[in-house]
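Chemist: got a structure for you, letters missing:
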């Protein structure tokens with residue numbers, strides 16, 4: 001024996017990919033079954049709500065009984081909202097993808113978000129100079145679904161800042177060596193308390209929520225949309241305080257190929 005050869009292989013990425021595939025298969029099976037159950041629940045809920053409304057009009061009950069009826073109707077509406085959110089997660093609508101620049105979608109979403117009457121007056125949104133008409137990178141995506149994801153991230157950022165603050169929206173481009181693809185990333189940062197370490201691993205799991213009235217499906221739906229676009233959605237804490245969400249979508253290869261051929 002003249003020596004030894006030691007071979008080291010980093011299998012972290014392989015194990016991560018396997019875990020992701022198993023997770024998707026598991027969620028797919030649960031989603032199909034749960035969507036069928038959720039669909040069947042909607043019919044009796046509609047009957048309950050309709051019956052209570054009819055009784056309230058016909059009987060003209062006293063104030064105490066009327067309040068009880070209002071509680072029933074309010075809770076039925078809350079269950080309907082939960083079912084709608086779940087069906088959006090379990091059975092996503094048909095994707096209509098186009099080659100698009102992100103700056104118009106971001107500007108429009110922020111403009112609508114700032115006019116939301118439920119948004120506190122002490123919440124501001126700052127668009128970084130990195131987002132503008134001069135942004136050359138284009139992505140192949142569904143504009144409505146991208147707007148849905150960004151809106152959800154903006155809403156979460158606003159809710160994380162109970163005492164007010166500024167939501168910062170930035171954009172960057174990078175090349176991922178693992179996939180050998182170029183990506184456009186939208187970064188949403190807040191000035192809240194940040195995310196507890198024990199929350200981060202479960203943040204995109206369905207029905208996981210830290211909110212009292214949350215369904216736990218908002219970020220899970222966002223994650224599903226981004227993965228369907230072959231992108232990534234991640235969350236972390238900022239060193240200066242607050243949370244950071246990064247939405248990364250691959251650059252439209254057809255545009256890049258066309259630009260290269262024209263040059």
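Modeler: That came through fine. This one's a predicted model, so the numbers in the text were calculated from it and none came from an experiment.

Chemist: so the closest residue to residue 237 other than its chain neighbours, which of the three states?
Modeler: Take residue 237 and drop its neighbours on the chain: the residue closest to it by C-beta to C-beta, 6 or more residues apart in numbering is residue 194, 4.2 Å away. In short, each C-beta sits where N, CA and C put it, glycine included. Classification of residue 194 by DSSP: H, G, I helix; E, B strand; the rest coil places it in coil.

Chemist: wouldn't residue 194 be in contact with residue 245 here?
Modeler: No - under the criterion of C-beta atoms under 8 Å, residue 194 is not in contact with residue 245, lying 11.9 Å apart.

Chemist: The two: who's more crowded?
Modeler: residue 245 (24 against 19; other C-beta atoms under 10 Å).

Chemist: sec struct for residue 208, please.
Modeler: What three-state DSSP gives for residue 208 is coil.

Chemist: For it, list the residues it contacts.
Modeler: Residue 208 is in contact with 202, 216, 220, counting by C-beta atoms under 8 Å, 6 or more residues apart in numbering.

Chemist: From residue 225, how far out is it?
Modeler: 17 Å (C-beta to C-beta, to the nearest Å).

Chemist: rewinding a little: of all the contacts of residue 208, which comes closest to residue 147?
Modeler: residue 220 (17.6 Å; C-beta to C-beta).

Chemist: Can you tell me the SS state at the nearest residue to residue 176 once chain neighbours are set aside?
Modeler: Leaving aside its chain neighbours, residue 176 sits nearest to residue 183 (5.9 Å; criterion: C-beta to C-beta, 6+ apart). Here residue 183 is strand, with the state taken from three-state DSSP.

Chemist: can I get the contacts of residue 208 in TSV with secondary structure?
Modeler: As requested, the contacts of residue 208 are arranged in TSV below (three-state DSSP):
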residue	secondary structure
202	helix
216	coil
220	helix
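
Chemist: Return the closest of these with respect to residue 58.
Modeler: Using C-beta to C-beta, the shortest approach to residue 58 within those belongs to residue 216, at 38.0 Å.

Chemist: Confirm for me that the closest one is in contact with residue 207.
Modeler: Yes - using C-beta under 8 Å, residue 216 is in contact with residue 207, at 4.0 Å.
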